[in-house]
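Chemist: Next input, structure requested:
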Amino acid sequence: MFNRFEDIEAWKKAQNLVLLVYKSLKDCKDRSFKDQMCRAVISIANNIAEGFERRTNKDFKNFLFISKGSCGEVRSMSFLALKLNYIDRDNFDSIFVNSEEISKMLSDLIKTL
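Modeler: Numbering: from 1, shown residues only. Here you go, the predicted model:
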């Protein structure tokens, strides 16, 4: 299947999502909000990597579920960021679409394990 977590497409997309969220929130003055959303988006890629490195399908699957939950948290926070005018509509759309795509990829990966 995969030899390294770096080969997992969902991990690659999660890395790009981190960059998108950080760039979108670069001018955000609400440090608490920004920190929470950044922690959530980083959690997506990190849990894919950590689960893979555990080297058991059971552990990997559990970490993928955690990663999927972080996708939901990012989407939820993106709605708030838009309503609070922390991000614009284009950034919201990009964050939402990308996090939803990653979540679907994680679901597919979970089903194959």
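
Chemist: report the longest helix in the chain, please.
Modeler: helix 57-83 (DSSP state H).

Chemist: Please name every helix or strand in contact with the helix or strand following it.
Modeler: Downstream of helix 57-83, the first helix or strand assigned by DSSP states H and E is helix 89-112. The contact analysis (3 or more CB pairs under 8 Å, 6 or more residues apart in numbering; DSSP states H and E) places helix 89-112 against helix 9-24, helix 31-53, helix 57-83. In short, each C-beta sits where N, CA and C put it, glycine included.

Chemist: Any chance of the ones you listed in CSV with mean pLDDT as columns?
Modeler: Output for those, formatted as CSV (pLDDT from 0 to 100):
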stretch, mean pLDDT
helix 9-24, 98
helix 31-53, 98
helix 57-83, 98
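
Chemist: will you turn those helices into CSV that also has distance to Asn98 and mean neighbour count?
Modeler: Converted to CSV, these look like this (distance: least, CB to CB, whole Å; neighbours: other CB atoms under 10 Å):
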stretch, distance to Asn98, mean neighbour count
helix 9-24, 5, 18
helix 31-53, 10, 19
helix 57-83, 9, 18
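
Chemist: how about those in JSON lines, adding distance to Lys104?
Modeler: Below are the helices and strands packed on helix 89-112 laid out as JSON lines (distance: least, CB to CB, whole Å):
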{"stretch": "helix 9-24", "distance to Lys104": "9"}
{"stretch": "helix 31-53", "distance to Lys104": "13"}
{"stretch": "helix 57-83", "distance to Lys104": "9"}
